[in-house]
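In: Task: produce atomic coordinates for the following.
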Amino acid sequence: MAELPKSLEDAIVQSRLATQTALADGLTLLQVELLFPEIKVMPVAVQFIPALDHFGAQLKIFFPDAGAAALARRDWGEIPYKIMDIGTSKTGVEKKIQPEDEAFLLISPTAVEVVQVEQIANAVGVRPLIMLNPRLEDSGTVGIGYAARQTRTRFISTIESCYYLRPVDDETALFRCYPEPWQVWVEKEGDYQKIAELPKKPSGDELDEILMKPGVAPGKKPGVFVGLQRFLRALSN
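Out: Next up is the predicted model:
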């Protein structure tokens, strides 16, 4: 049973193992989410990529734009895999997928690229496609109307969260490490304890119901942003 990680490095190691386990089980459309406001995705990506080392030169890595892709090429030096950008064109994205490609890693794709990401996923087919810290559901960009609901039903809802870690507030964390269920952890007496397991990701209301149970989350919680900062500092120690 996976425990709540004690450091960011531990979380990345867990996420690699969860990804490899999901791939071994035949899942191919995955996402890994380490949800902290200050987190820098490039160093996380460097530590995560060894999970996919066995694909070698047949691994293709996509960044949201050409600038981020160029930065990675510059900083990462000699690497066996290909680095590309998703780009802004809504047509022709499939041409970036070649028959010899065996696996794909998308680094922090956003709601701006959601159409292209879906096109890439369709072109990839049954080959592994992993998204690291995707932000595909920014309501301010995608909107909350019919088109956004269709995108969620058709594509976003089909992505398996094989690893998820988010501090909810100063004392609570939502956690999932495949193949284990979703878990809610609460800080008690200086340590985090698991207080709930769920078969799917809880909604905000469901999470509130869990935390409102007597004796679950004692004490008055400060603002969410303060809690996020504190939890991130704890992981960085």
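In: can you give me the offset of the lengthiest helix in the chain from its chain's centre?
Out: Using DSSP state H to assign secondary structure, the helix with the most residues in the chain is helix 8-24. Its chain's C-alpha centre and that of helix 8-24 lie 11 Å apart, by CA atoms, centre = their mean, to the nearest Å.
In: Also stretch 36-47?
Out: That offset, for stretch 36-47, works out to 11 Å (CA atoms, centre = their mean).
In: low pLDDT regions in the chain?
Out: Residues of the chain meeting the criterion pLDDT under 70: 88-91, 138-149, 152-153, 214-237.
In: Can you show me the strands along it?
Out: Using DSSP state E, the strands of the chain run over 29-34, 59-63, 82-85, 103-107, 129-132, 160-167, 172-177, 182-188, 191-198.
In: mind checking which of those strands is nearest residue 73?
Out: Of all the strands of the chain, it is strand 82-85 that lies closest to residue 73, at 5.3 Å by CB to CB. In short, each C-beta sits where N, CA and C put it, glycine included.
In: from the chain's centre, how far out does that closest one sit?
Out: Centre-to-centre, strand 82-85 and its host chain are 19 Å apart (CA atoms, centre = their mean).
In: What of stretch 185-195?
Out: Centroid separation for stretch 185-195 versus its chain: 23 Å, with CA atoms, centre = their mean.
In: Now do the buried residues in that stretch.
Out: For stretch 185-195, a neighbour-count test (16 or more other CB atoms under 10 Å) marks 185-187, 192, 195 as buried.
In: For the residues you listed, name the two members farthest from one another.
Out: Top of the distance list for the buried residues of stretch 185-195 (CB to CB): 187 and 195, 10.4 Å.
In: ok, how many other residues are close to the nearest residue to residue 98 once chain neighbours are set aside?
Out: Leaving out its chain neighbours, the residue that sits closest to residue 98 by CB to CB, 6 or more residues apart in numbering is residue 60, at 7.9 Å. The burial count assigned to residue 60 is 24, neighbours taken as other CB atoms under 10 Å.
In: same thing with the one 3 residues further on?
Out: Applying the criterion other CB under 10 Å, we find 26 residues in the vicinity of residue 63.
In: Am I right that it is in contact with residue 107?
Out: Yes: counting by CB atoms under 8 Å, residue 63 touches residue 107, with 5.2 Å between them.
In: so what sits against both of those two?
Out: Shared contacts of residue 63 and residue 107 (CB atoms under 8 Å, 6 or more residues apart in numbering): residue 72.
In: The longest helix of the chain vs strand 172-177, what angle?
Out: 40 degrees (axes from the mean of the first three to the mean of the last three CA atoms, to 10 degrees).
In: got the angle for helix 8-24 vs strand 29-34?
Out: Counting by the same axes, to 10 degrees, helix 8-24 lies at 170 degrees to strand 29-34.
In: Now do the nearest residue to residue 158 once chain neighbours are set aside against residue 121, distance only.
Out: Excluding the flanking residues, the one nearest residue 158 by CB to CB, 6+ apart is residue 29, at 6.1 Å. Look at residue 29 and residue 121: by CB to CB, to the nearest Å, they are 6 Å apart.
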